[in-house]
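A.B. asks: quick check, what structure comes out for this input:
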Amino acid sequence: MYKDFADILLKKVRPLYAQDNFRLDLDNMVYAFDSSTISLCLKLCPWAKFRKNKGGIKMHTLVDLRGNLPISVYLTPASVNDMKALDNLYIEPGAIYLMDKGYVDFNRLFKLINKKNAFFVTRAKDNMIFEVMSNAQVDKSTGVISDEHIKLTGQRTSKWYPEEIRMVTYEDYATNNMYRFLTNNMEYEALTISELYRERWNVELFFKCIKQHLHIKSFYGTSENAIYMQIWIAICTYLLLAYAKKVMHIDQSLHTISKNVGLFLTDKTPLNELFNKTVPKDKSDEELYPSLFGNDDF
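C.D. replies: Coordinates of the predicted model:
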């Protein structure tokens, strides 16, 4: 029921954010896809077996980066491989999908995304076997080290992805870390590809909000249905807060809104006026908002 309610809320909330400016000023829809593991007690939830002595489930989530809205959430036992979750996505032609290298399955990237005229930006694995076909000139002062068209030469990967892939190598001068980004988009500037991957971090912010800031204190049941239902309630809460933020023209972040709503649940003051009040600071966030999930869960 709450999953259906979340679908209804999303249809109301998403149009409110459709015209929001995207940092990179692109016309394409841009999505970030990732998963987050929620640990569970294996003795209480034997259906959620993850490892020998550990239970858990995964939230496979597709986030629309205009508004940071969860447009697709797929809950599975934590043992389900991340790449298999790609099979459940509806791929929009022309959209850009940002994923970490845990989703590098060239067979799926080619059939599910490239063949449907959509785009992906991900990171290359260290053991990738390839041949450089051509190089483009780059401005190294931007951090871009190289912009290459490559072809996979591995025994299986060459069959799974027979076309050329673009590989942008970028150095973060602040940390001296080197990154190799893979994409099937041949048009955008190399720096734009690097900046697109940076936007993938927004899906982590969504997971943090669901796990920490909505403050689920305890699970009220141990069955699969009970656990999933409570998570869907948290997602509904997130969407309701996002709706209130837009229709009431609230400038504060969803995190700030959720903290104020949590403190003043019995207050009859209109929601958009709550932000003139001071949130008590005499206790830490951990004391004010006990959380079921620990830092190791994400």
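
A.B. asks: make it CA atoms for all contacts and neighbour counts henceforth
C.D. replies: Noted.

A.B. asks: in the helix or strand where L191 lies, which residues are buried?
C.D. replies: Using DSSP states H and E, L191 falls within helix 190-198. For helix 190-198, burial by neighbour count (16 or more other Cα atoms under 10 Å) applies to 190-191, 193-194, 196-197.

A.B. asks: could those be laid out in CSV, adding pLDDT?
C.D. replies: Below are the buried residues of helix 190-198 laid out as CSV (pLDDT from 0 to 100):
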residue, pLDDT
A190, 94
L191, 94
I193, 94
S194, 93
L196, 93
Y197, 93
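
A.B. asks: pull the most distant pair out of those residues.
C.D. replies: A190 and Y197 (11.3 Å; Cα to Cα).

A.B. asks: how about the strands in the protein?
C.D. replies: Per DSSP state E, the chain carries strands over the ranges 30-40, 49-51, 54-64, 69-77, 96-98, 119-123, 130-136, 144-152, 165-172, 177-183.

A.B. asks: quick one on the thing from earlier: give me the helices and strands touching the helix holding L191, please.
C.D. replies: strand 119-123, strand 144-152, strand 165-172, strand 177-183 (3 or more Cα pairs under 8 Å, 6 or more residues apart in numbering; DSSP states H and E).

A.B. asks: residues of the longest helix seen in the chain that come out buried?
C.D. replies: Among the segments of the chain that qualify as a helix by DSSP state H, the longest is helix 224-247. Neighbour-count burial for helix 224-247, counted by 16+ other Cα under 10 Å, picks out 227-245.

A.B. asks: for stretch 111-120, same thing?
C.D. replies: Neighbour-count burial for stretch 111-120 [16+ other Cα under 10 Å]: 112-114, 117-120.

A.B. asks: span of it from start to end?
C.D. replies: End-to-end span of stretch 111-120 (Cα to Cα, to the nearest Å): 12 Å.

A.B. asks: pLDDT of that stretch, averaged?
C.D. replies: Across stretch 111-120, the average pLDDT comes to 96.

A.B. asks: nothing else from me, thank you.
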